[in-house]
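Q: got a predicted structure here, sequence first:
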Amino acid sequence: MYQWRKFEFFEEKSGGKTSIPAEVTGRINCCSGGRGRIIVGCDDGSVSLLDRGFKLIYGFQAHASSVLFLQQLKQRNFLVTVGEEEQTSSNLASICLKVFDLDKMQPEGSSTMGPVCLQILRIFTSQFPEARITSFLVLEEAPPILLISIGLDTGSIYCIKGDLTRERITRFKLQVDVTAESRDSSITGLGFRVEGQSLQLFAVTPTSVSLFSLHENPPRKQTLDQIGCNANAVTMSDRLDLVIGRPEAVYFYEVDGRGPCWAFDGEKKLLGWFRGYLVCINGDQRSTRNSFNIYDLKNRLIAHSVVVGEVSHMLYEWGYIILIMSDRKVLSIGEKDMESKLDMLFKKNLYNVAINLVHSQQADASATAEVLRKYGDHLYGKQDYNEAMSQYIQTIGHLEPSYVIQKFLDAQRIYNLTNYLEQLHERGLASKDHTTLLLNCYTKLKDVEKLNKFIKGEESVGEQRFDVETAIRVCRSAGYHEHAMYVAKRAERHEWYLKILLEDLGSYQEALQYISSLEPNQAGVTLKEYGKVLIEHMPTETISILMTLCTDASESKRKDLMAQTYPCCHRQWTLLTFLCIVHNH
């Protein structure tokens, strides 16, 4: 069996151990976090609001007998409760749903103290028979619409939808499949999944997992599995997958059925999801003690593990996981900072885990690059140059290129260095020095194919990825004249093109042909530079080009051209023409 690595990525926060205040006298039945406070509901019908230090902000009597369930809303400062009232008639159930506005308090002198109750609804009616409530969940749709799902021990789910504050509501009933073999059909867990216009409700019993498509009319039911779980072992992941805990494993469900499962032994007494981590209270059958484990499923590690007593409730607030114990003690556990977690992994050379960690927690690019650099350094030290370079390449744009270049120059790893320099150019981050170095790498490797691709691959690119003059100089000095000429011609650097033809190759005829193909003004400039050399080696052809330039252009252009090419000639026009004619004869 795979052994999960254990780390301490979480810690008990300073002052983390505290207790529910003595002013809260009842037994806690339910609790909810949100809006910078914790709200607890007790068996005496009271509701208490606690601050970050678990001090009582205020309390009020929400129900006459017992608060069974409650949930704080996120979009509005409302509290929805389900509790028992005094039964007024033998024909009517005493369980009611209430909506409180926590922004509005009862005026002084009122018969009751606490927030204003906006609505009271009886859950059970003649159309919706009474049963024991086993689960409760509120979904906030577009305000003021709420969708409340109430799971019962009969396998039924009563749903109330609408603007509860104005009693503009509709009620409907859902039913999971109940078979003769099912000893218990209680709804042990509920989970909403909202994607675009799609609204679905997962429902779990001890022997089944069902999915209701509420956006369809009537709602369509699918049975996803014939196994289920007990109460409190149901949660939703941040990807909106249903998660259930059984003694042998934790199972994930998507809308089309069971997904992955993870084998963790032990009774799953409480299951939750916190910032991408699976949170679980595991019971140990061999003792009365429990283990509180935080699992990083992506990296297959246990991010925290501690032995705890009996936990009655688990919730999240202030960036902490909060455990309320049966003895009313409270334990607050928070995640360590990223630097501390990475240091633990670096000490054990677990760089892949560190990389996955920064990705999964959406760390900024510079922090990710630093992890990749350290991993690259580790691999470089082991002389695993290829894998080290693959890490360094991922740091481009954040790590100074000279850091990497110097390492591979020292190690004489020209192939790896070439790869890095290519990536710099590909991403438009190369300097002239980088271009020089890359071309030198190609020429030293005699890799004409890559040189061709680098130089001539620019044909399909709008802007060149390298410095033109640098490329020409390097190719020319290495004897790759064709490549240097290609770059010069494409960039219209005529002076470089002719310099290579005449000074390096002695191709006078080709030089004259190239000059002939240029615009008159450009041709004149090049003749001014190289006319003397061309006259010496190919006088007839050179004079012929001069004659063409002088006779084909208009009078004004011809004078301008001659002034640019040979300043003395425009004063001795007749003489130049005469000399040309004599020379041709």
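A: Arrived safely, thanks for sending.
Q: the closest residue to residue 58 other than its chain neighbours: helix or strand, and which one exactly?
A: Closest residue to residue 58 apart from its sequence neighbours, by CB to CB, 6 or more residues apart in numbering: residue 49 at 5.9 Å. Where you see a C-beta, it was placed from the backbone N, CA and C, and this is true even at glycine. According to DSSP states H and E, residue 49 maps onto strand 46-50.
Q: what lines up beside the next helix or strand after that strand in the sheet?
A: Remark: after strand 46-50, the chain's next helix or strand is strand 56-61, criterion DSSP H and E. Strand 56-61 has the following strand partners under DSSP bridges: strand 46-50 (antiparallel).
Q: starting at the chain centroid, how far to the strand it pairs with?
A: 38 Å (CA atoms, centre = their mean, to the nearest Å).
Q: what does stretch 145-164 give?
A: Taking CA atoms, centre = their mean, one finds stretch 145-164 lying 34 Å from the centre of the chain it belongs to.
Q: re earlier: any buried residues in the strand holding residue 49, and which?
A: Buried positions in strand 46-50, judged by neighbour count with 16 or more other CB atoms under 10 Å: 46-50.
Q: now stretch 149-163
A: Judged by neighbour count (16+ other CB under 10 Å), stretch 149-163 contains these buried residues: 149-162.
Q: likewise stretch 23-39?
A: 24, 26, 28-34, 37-39.
Q: and if you look at stretch 484-496?
A: Quick answer for stretch 484-496 (16+ other CB under 10 Å): 484-488, 491, 493-494, 496.
Q: between the two ends of that stretch, what distance do you get?
A: 8 Å (CA to CA, to the nearest Å).
Q: in strands only, show me the buried residues of stretch 149-163.
A: Among the buried residues of stretch 149-163, the members falling in strands (DSSP state E) are 149-152, 156-162.
Q: got the phi/psi numbers for residue 73?
A: Dihedral pair for residue 73: phi -90, psi 160, per degrees, to the nearest 10.
Q: state the pLDDT value of it.
A: On pLDDT, residue 73 comes in at 97.
Q: isn't it right up against residue 138?
A: Yes: counting by CB atoms under 8 Å, residue 73 touches residue 138, with 6.9 Å between them.
Q: quick check: closest non-adjacent residue to residue 119.
A: residue 99 (4.5 Å).
Q: which pLDDT value does the model give the one you found?
A: Predicted confidence (pLDDT) at residue 99: the value is 97.
Q: show me what it is bridged to.
A: residue 80, residue 119.
Q: could you measure it against residue 62, distance?
A: Distance of residue 99 to residue 62, computed by CB to CB, to the nearest Å: 11 Å.
Q: of those two, which one has the most company?
A: A direct count of neighbours by other CB atoms under 10 Å for residue 99 and residue 62 places residue 62 higher, at 26 against 21.
Q: what residues are up against that one?
A: Taking CB atoms under 8 Å, 6 or more residues apart in numbering, we find residue 62 in contact with 41, 45-47, 70, 81, 83, 98, 100, 114.
Q: tell me the pLDDT at it?
A: For residue 62, pLDDT reads 97.
Q: make 426 the starting number, not 1.
A: All right, first residue 426 from here; so that's residue 487.
Q: distance of it relative to residue 923?
A: 93 Å.
Q: over to residue 907?
A: Counting by CB to CB - residue 907 and residue 923 are separated by 15 Å.
Q: which one's more surrounded, these two?
A: Applying other CB under 10 Å to residue 907 and residue 923 shows that residue 923 carries more neighbours, namely 25 against 14.
Q: tell me, how many residues neighbour residue 964?
A: A count of nearby residues for residue 964, using other CB under 10 Å, gives 11.
Q: now residue 547
A: Considering only other CB under 10 Å, residue 547 is surrounded by 14 other residues.
Q: could you double-check that it sits in contact with residue 512?
A: No: in this structure, residue 547 is not within contact of residue 512 by CB under 8 Å, at 11.1 Å.
Q: mind giving me the domain split of this protein?
A: 445-689, 931-1010 (automatic domain parsing).
Q: any low-confidence regions in the chain?
A: 426-427, 439-441, 513-518, 534, 536, 604-608, 883-890, 977-1010 (pLDDT under 70).
Q: center of it - which residue?
A: residue 787 (5.3 Å; CA atoms, centre = their mean).
Q: what about it, which SS state?
A: Three-state assignment for residue 787 (DSSP: H, G, I helix; E, B strand; the rest coil): coil.
Q: residues in contact with the helix or strand hosting residue 922?
A: Per DSSP H and E, residue 922 falls inside helix 919-924. Helix 919-924 has contacts (CB under 8 Å, 6+ apart) with 894, 897, 909-910, 913-914, 936, 939-940, 943, 947, 950-951, 954-955.
Q: mind redoing it with 6 Å?
A: Residues from elsewhere that reach helix 919-924, judged by CB atoms under 6 Å, 6 or more residues apart in numbering: 897, 910, 913-914, 936, 951, 955.
Q: with stretch 745-762 instead?
A: Under CB under 6 Å, 6+ apart, the answer for stretch 745-762 is 434-438, 441, 443-445, 479, 699, 734-740, 744.
Q: show me which of the contacts of residue 487 are buried.
A: Counted by 16+ other CB under 10 Å, those give 466, 470-472, 495, 506, 508, 523, 525, 539 as buried.
Q: how close does residue 780 get to residue 851?
A: In terms of CB to CB, residue 780 sits 22 Å off from residue 851.
Q: which of the two has more residues huddled nearby?
A: For residue 780 versus residue 851, the count of surrounding residues by other CB under 10 Å is larger for residue 780: 20 against 12.
Q: identify the residue nearest that one in space, chain neighbours excluded?
A: Closest to residue 780 by CB to CB, 6+ apart is residue 796, at 5.6 Å.
Q: would you put the C-alpha positions of whatever helix or strand the one you found lives in in CSV?
A: Assigning secondary structure by DSSP H and E places residue 796 in helix 790-806. Taking Å, rounded to 0.1, in the frame of the first residue of the first chain, the C-alpha atoms of helix 790-806 are listed here in CSV:
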residue,chain,number,x,y,z
ALA,A,790,5.2,33.7,-11.2
SER,A,791,8.4,34.9,-9.5
ALA,A,792,7.9,32.6,-6.5
THR,A,793,7.3,29.7,-8.9
ALA,A,794,10.5,30.6,-10.8
GLU,A,795,12.5,30.6,-7.6
VAL,A,796,11.4,27.0,-6.9
LEU,A,797,12.3,26.0,-10.4
ARG,A,798,15.7,27.6,-10.1
LYS,A,799,16.4,25.8,-6.9
TYR,A,800,15.4,22.5,-8.5
GLY,A,801,17.6,23.3,-11.5
ASP,A,802,20.5,24.0,-9.2
HIS,A,803,19.9,20.7,-7.4
LEU,A,804,19.9,18.7,-10.7
TYR,A,805,22.9,20.6,-12.0
GLY,A,806,24.8,19.7,-8.9
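Q: before I go, just wanted to say thanks for your time.
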